[in-house]
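# Starting from these lines, generate the structure:
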Amino acid sequence: MDHTKAVSDHSAERYLLGEMPAAEAEDFERHYFECGECALAVESGQMFLANAREVLIEPEPAPERHTPPETERRSIWDALMAWRSNPVFAFSLLSAVALGAVSLYQGLVQIPNLRHTLDEARVVPSFQLTPTSRGDASRVVVPRGISFFSIAGDIPPDVHFPGYLCELSANGRTLFDLPAPPPAVGQPISIELSTKQVLPGNYALNVYGIDPDGHKRGRISTFSFAVEFH
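As a prediction, this is how the structure comes out:
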């Protein structure tokens, strides 16, 4: 086979596509082994076919994966109904309801009433005490049904401290001590007491001075008094 016939018959293309009879294919093979142009055409065609197969080849389908059915989402109400038979859940629910009721009652009733009691003005019986050194114990007669009353004692005019400490005792036992700022000139120190804490009996109010360093100094005055309820 000469080169002119090979070109005119498209021998290289037919050879690569397998469209050439065996005898003609052998004849063409002997030719392109000796013809550089036909050998180049066959080599180029083989590279083209190889690349085409890589591009055009269909990918194998990926194996099917079993996808579990989507879990049905429960609503909050469904979850609540599912837990309603659980004893732990029932106890927790009752505890939450009880706590909520207590909090609601405190927020709406107790705390406002307490604030109102603390903020409102009130008139209480007041009793002026005399120092024990001036005579007998003072008599404090508190009307029944009264919740609070006050006692007052004068500071000696020649005593001046930046602060005072008032100590209330009964039968030699201290009930409480209460710091007090210095009163205005000519005014006594007043203390308000609750009738729930003070019972009928004898009491003593001791007043001490507090120095600028906050230390307790000597006793300034003692007021003895007896509490009665009528």
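# give me the element the residue nearest to Glu192 when sequence neighbours are not counted is part of.
Distance criterion C-beta to C-beta, 6 or more residues apart in numbering; nearest residue to Glu192, sequence neighbours excluded, is Ser150 at 4.7 Å. In short, each C-beta sits where N, CA and C put it, glycine included. Secondary structure from DSSP states H and E places Ser150 in strand 148-153.
# Now do the next helix or strand after that strand: which elements does it pack against?
Later in the chain than strand 148-153, the nearest helix or strand by DSSP H and E is strand 163-170. If you count contacts as 3 or more C-beta pairs under 8 Å, 6 or more residues apart in numbering; DSSP states H and E, strand 163-170 packs onto strand 173-180, strand 189-194, strand 201-210.
# Now Gly214: which helix or strand?
Per DSSP H and E, there is no helix or strand for Gly214.
# ok, for it, nearest residue in space, not its chain neighbours?
What sits nearest to Gly214 in space, not counting adjacent residues and going by C-beta to C-beta, 6+ apart, is Gly163, at 7.9 Å.
# Show me the helices in this structure, by range?
Using DSSP state H, the helices of the chain run over 3-8, 11-17, 22-34, 36-56, 76-83, 87-105, 111-119.
# Val14: neighbouring residues, count only.
No, residue 14 isn't Val; it's Arg. Close neighbours of Arg14, defined as other C-beta atoms under 10 Å, add up to 16.
# returning to what we had before: ok, how many other residues are close to the residue nearest to Gly214?
Residues lying near Gly163 (other C-beta under 10 Å) number 15.
# which residues does the nearest residue to Lys5 once chain neighbours are set aside contact?
Nearest non-adjacent residue to Lys5, counting by C-beta to C-beta, 6+ apart: Ser11, 7.5 Å away. Ser11 is in contact with 1, 5, 20, 24, 28, 31, 38, counting by C-beta atoms under 8 Å, 6 or more residues apart in numbering.
# Now distance to Ala204, neighbour count and pLDDT too, for the residues you listed, in CSV please.
Listed next are the contacts of Ser11 as CSV, based on distance: C-beta to C-beta, whole Å; neighbours: other C-beta atoms under 10 Å; pLDDT from 0 to 100:
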residue, distance to Ala204, neighbour count, pLDDT
Met1, 143, 17, 73
Lys5, 144, 12, 81
Met20, 136, 20, 83
Glu24, 141, 15, 88
Phe28, 138, 22, 81
His31, 140, 18, 81
Cys38, 136, 21, 80
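# got the buried residues for the longest strand along the chain?
Longest strand in the chain by number of residues, with DSSP state E as the criterion: strand 216-229. For strand 216-229, burial by neighbour count (16 or more other C-beta atoms under 10 Å) applies to 220-225, 227.
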